[in-house]
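Student: Dropping a prediction and its sequence here:
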Amino acid sequence: MSSQTSARRREKPFGSLIASIGGARVAGNASAGITGLAYDSRKVEPGWAFVAVRGEHVDGHTFVPAAVEKGAVALVVEAGREAGISPPPGGAVAVVPDTRAAMAVIARAFYDDPSSRLTLAGVTGTNGKSTTALMIDAIFRAAGHSSGVIGTIEYRIGDRTVTAPHTTPEAIDLQMLLAEMADQGVTHVAMEVSSHALALHRVDGCHFAAAVFTNLTPEHLDFHPTMEGYLETKRRLFTDPQYLPDAGERVNAVNIDDGVGEMLAREALGRTLTYGLSPAAHCRAEQIDLRPGGTSFLAVHPTGRVPMRMKLIGEFNVYNALGALAACIGLGIEPEVACSAIEQMEPVRGRFERVRSNARNVLVDYAHSPDGLRRALETARRVTSGRVIVVFGCGGDRDRTKRPVMGELASRLADACIVTSDNPRGERPEAIIGEILAGIPKETRGRCSVEADRAKAIRLAVEQARPEDLVLIAGKGHEDYQIIGDRRIHFDDREVAEELLNEIARRGDG
């Protein structure tokens, strides 16, 4: 992500940045000029404001002295945590009820409300966010707009791409990124909006011209204690007035084949276009034909019908295409332009992506939730005449309840499954695998084997596959790393599979 060097041109009095924060108390010089913002004390530069945020493992308040030492002239701290914290020389301290919520307000003000200068389309839901956002971006470009992307796979500013550390950046990073886009002439942005981003106020202050709901299934229950809480967090994007554009109408694209979608279609603020396979949907698909090399269907929209043949595989990608189509039609883009843009899209990296080879059929997918794995396996079954072999694991230090569920699904929906390690983080891979195996019933246990080494597990799957079979490597998708303990090592499912397939091709195995 870009530095805040250009932010020095944005110097703002500290008092103006916190003026609209309810319950804020200021001590010291509120007129101190602020030239940058940080929530990480290591990134503070002279003249910046430091926002002390309490994270899952670290409390930013403990780093206030470090921030002051590096030149912070203003501090934002949380009520109840201000004891012993004084204004920096010539600067100020603001005590606020919630520093995360305050950080979004401050960042929006510092960067001059950048989303008000952009047509911002937000995509939320459990599955399909990345692909739908990239489809919307492709449509924006086809319609002649300068477009940016913020999501799990990448952040892109026009034609420049940077690595995405979070699906949705922290509030300061997000507002800075949106400001950079607007300053460089970007007019339209497609953004994934995660439940974490909504719960942690990262997107507060963003004005969404379009909001897309894909679906809701159990996920992130290590963060959201209940499904009800998870739903309520997602619901905010559609029902909280703060996310509406300052001027103009909001369009919502909602999947009504999902039960939550039916509710959101009734509650969402603004105008709603529904999508799905239901005959009642405004945008729907008919005559769907799924093939290993792509998908064709008839896209029916409010003003007509367009035959589509896209390179992306699977019924779930039909849903993604319909969501993007509904959102963009709602924003005034011609349906034919939108459909043509989707047809020309290459498969999305790590999203049911075929590893290029004639040796075996191997797909890499990001499916890391029970619903995502189910959809991927059901699609794999529909597009292959042979066996379905799946390699998967579950991430460590994440929702443990999904592990046995995914084990049962894989053993039932695949002909063979190899349980392996994903990103174990601070857990032992063997312990995670044990919890996956606990969900596999006796009658399907014979289909399953265990290989904790992920590279060896992929080799085991590819070596046993026949030319007519399909190997699905699930869980990591576009990721090119593996997190083991506190180490982040290079590991890419696609690279491992491609190397094996090339080896098979050289051997001439049929």
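Tutor: Now that the structure is in, tell me what you want to look at.
Student: helices and strands around the particular helix or strand that has Arg266 in it, which ones?
Tutor: Assigned by DSSP states H and E, Arg266 belongs to helix 259-267. If you count contacts as 3 or more C-beta pairs under 8 Å, 6 or more residues apart in numbering; DSSP states H and E, helix 259-267 packs onto strand 210-213, helix 227-239, strand 251-255, strand 271-276. C-betas here are computed from N, CA, C, even on glycine.
Student: what's in contact with that helix?
Tutor: The contact list for helix 259-267 (C-beta atoms under 8 Å, 6 or more residues apart in numbering) reads 213, 215-216, 231, 234-235, 238-239, 252, 254-256, 272, 274, 276.
Student: Which two of the residues you listed have the greatest separation?
Tutor: Maximum pairwise distance in the contacts of helix 259-267, criterion C-beta to C-beta, is 20.4 Å, between Thr239 and Gly276.
Student: which one of these two has more residues nearby?
Tutor: Gly276 (24 against 12; other C-beta atoms under 10 Å).
Student: For the more buried one, give me its contacts.
Tutor: Residues in contact with Gly276 (C-beta under 8 Å, 6+ apart) are 255-258, 261, 284, 319, 322.
Student: which one is it nearest to, not counting chain neighbours?
Tutor: Distances taken as C-beta to C-beta, 6 or more residues apart in numbering place Asp257 nearest to Gly276, at 3.7 Å, with adjacent residues excluded.
Student: Asp246 too?
Tutor: Setting aside the residues directly before and after it, Asp246 is nearest to Ser116 in space (C-beta to C-beta, 6+ apart), at 5.5 Å.
Student: so the one you found, which of the three states?
Tutor: Look at Ser116: counting by DSSP: H, G, I helix; E, B strand; the rest coil, its state is helix.
Student: I'd guessed Phe297 sits against Asp289; true?
Tutor: Yes - Phe297 lies in contact with Asp289 (C-beta atoms under 8 Å); the separation is 6.9 Å.
Student: Have a look at these two and say which one is more surrounded.
Tutor: Comparing Phe297 with Asp289 by other C-beta under 10 Å, the one with more neighbours is Phe297, at 22 against 10.
Student: can I assume Asp289 sits in a helix?
Tutor: No - counting by three-state DSSP, Asp289 is not found in a helix; it is strand.
Student: Once you drop chain neighbours, what's closest to it?
Tutor: Spatially, and ignoring its direct neighbours in sequence, Asp289 is nearest to Ser296 (4.7 Å; C-beta to C-beta, 6+ apart).
Student: now swap in Arg25 and tell me
Tutor: The shortest distance from Arg25 to any non-neighbouring residue, by C-beta to C-beta, 6+ apart, is to Val95 (4.6 Å).
Student: In the stretch 101-250 of the chain, where is pLDDT below threshold?
Tutor: Of all residues in the stretch 101-250 of the chain, those with pLDDT under 70 make up the ranges 218-225, 227, 247-248.
Student: coming back round to it: and among the helices and strands packed on helix 259-267, the most buried is which?
Tutor: Most buried of the helices and strands packed on helix 259-267 by mean neighbour count (mean count of other C-beta atoms under 10 Å) is strand 210-213; its value is a mean of 30.
Student: what's Thr163 in contact with, if anything?
Tutor: Counting by C-beta under 8 Å, 6+ apart, Thr163 touches 154-155.
Student: if we can go back for a sec, strand partners (parallel or antiparallel) of the strand or helix carrying the residue nearest to Asp289?
Tutor: Here Ser296, judged by DSSP H and E, is contained in strand 294-301. Within its sheet, strand 294-301 is paired with strand 283-291 (antiparallel), strand 304-310 (antiparallel), according to DSSP bridges.
Student: Export those strands to JSON lines and append columns for distance to Arg108.
Tutor: Formatted as JSON lines, the strands paired with strand 294-301 follow (distance: least, C-beta to C-beta, whole Å):
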{"stretch": "strand 283-291", "distance to Arg108": "32"}
{"stretch": "strand 304-310", "distance to Arg108": "37"}
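Student: right, and these - which one's nearest Glu451?
Tutor: strand 283-291 (30.2 Å).
Student: picking up where we left off before, tally of neighbours for the residue nearest to Asp289?
Tutor: If you count neighbours by other C-beta under 10 Å, Ser296 ends up with 16.
Student: my guess is it meets Lys311, correct?
Tutor: No - counting by C-beta under 8 Å, Ser296 does not reach Lys311; the two are 10.6 Å apart.
Student: could you measure Arg381 against Leu290, distance?
Tutor: 10 Å (C-beta to C-beta, to the nearest Å).
Student: just to revisit the earlier point, tell me how far the residue nearest to Gly276 lies from Glu378.
Tutor: Distance, Asp257 to Glu378, by C-beta to C-beta: 15 Å.
Student: Neighbour count for these two, which is higher?
Tutor: A count of neighbours by other C-beta under 10 Å puts Asp257 above the other of Asp257 and Glu378, at 18 against 15.
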